[in-house]
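Q: sequence-free structure coming up:
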């Protein structure tokens, strides 16, 4: 199964309720995740939930190597207390201003500017998740990373347009 990075859009009212009621927040996030896993996912610009699956660490590495990201879209934001503790760190959320900043950066930064930072040796030194021990077992996954980056860009753009917050979870 592995570690996946998941994103959930919350309206301002849903964010307030989540901050006030960890039990409700847990249930709401679980319901959205279950609906995503059980059905045909909506396009990222219409989805309340998005998983970039196991591409998260490589994308995070490419964004960090590129530089200039105003908001950390994997580990950033403030902690969102939930009823249950998560295995890979707490859920975090970006408020609507952070989402707007992230969306602007993602939209203005085509994946082609990140791709040159795909450096297997540097990723290995940084202990990037899901790299095999030998170079021979590493397929080029730039197209998968490109697709996930484009999905993330569309998701954040829609969240920013709606004035939503975004919850970040490693699960």
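A: Right, received. Where do you want to start? Bear in mind that the values here come from a model prediction, so they are computed numbers and not experimental data.

Q: for this protein, longest helix please?
A: Once the chain is assigned using DSSP state H, the helix that runs over the most residues is helix 142-162.

Q: What is it packed up against?
A: Here helix 142-162 is seen to pack against strand 5-10, strand 49-53, helix 56-66, helix 96-108, helix 111-114, strand 165-170 when contacts are counted using 3 or more Cβ pairs under 8 Å, 6 or more residues apart in numbering; DSSP states H and E. (Each C-beta comes from the backbone N, C-alpha and C, glycine too.)

Q: rerun that using 6 Å as the cut-off
A: Helix 142-162 is packed against strand 49-53, helix 96-108, with contacts defined by 3 or more Cβ pairs under 6 Å, 6 or more residues apart in numbering; DSSP states H and E.

Q: which regions of this structure lie under the pLDDT threshold?
A: Applying pLDDT under 70 to the chain flags residues 1, 131-140.

Q: hang on, the earlier thing: okay, the helices and strands packed on helix 142-162, which one's buried deepest?
A: The highest mean neighbour count among the helices and strands packed on helix 142-162 belongs to strand 49-53 (a mean of 21), with neighbours defined as mean count of other Cβ atoms under 10 Å.

Q: Can you name the residues in contact with that one?
A: The set of residues that contact strand 49-53 without belonging to it, under Cβ atoms under 6 Å, 6 or more residues apart in numbering, is 4-8, 32-33, 36, 44, 148, 152, 155.

Q: Neighbour-wise, which one of those leads?
A: Among the contacts of strand 49-53, residue 8 has the most neighbours (other Cβ atoms under 10 Å), with 27 neighbours.

Q: Over to residue 90: give its phi and psi.
A: Backbone torsions of residue 90, given as degrees, to the nearest 10, read phi -70, psi 160.

Q: ugh, wrong one, residue 95
A: The phi/psi pair for residue 95 (degrees, to the nearest 10) reads phi -70, psi 170.
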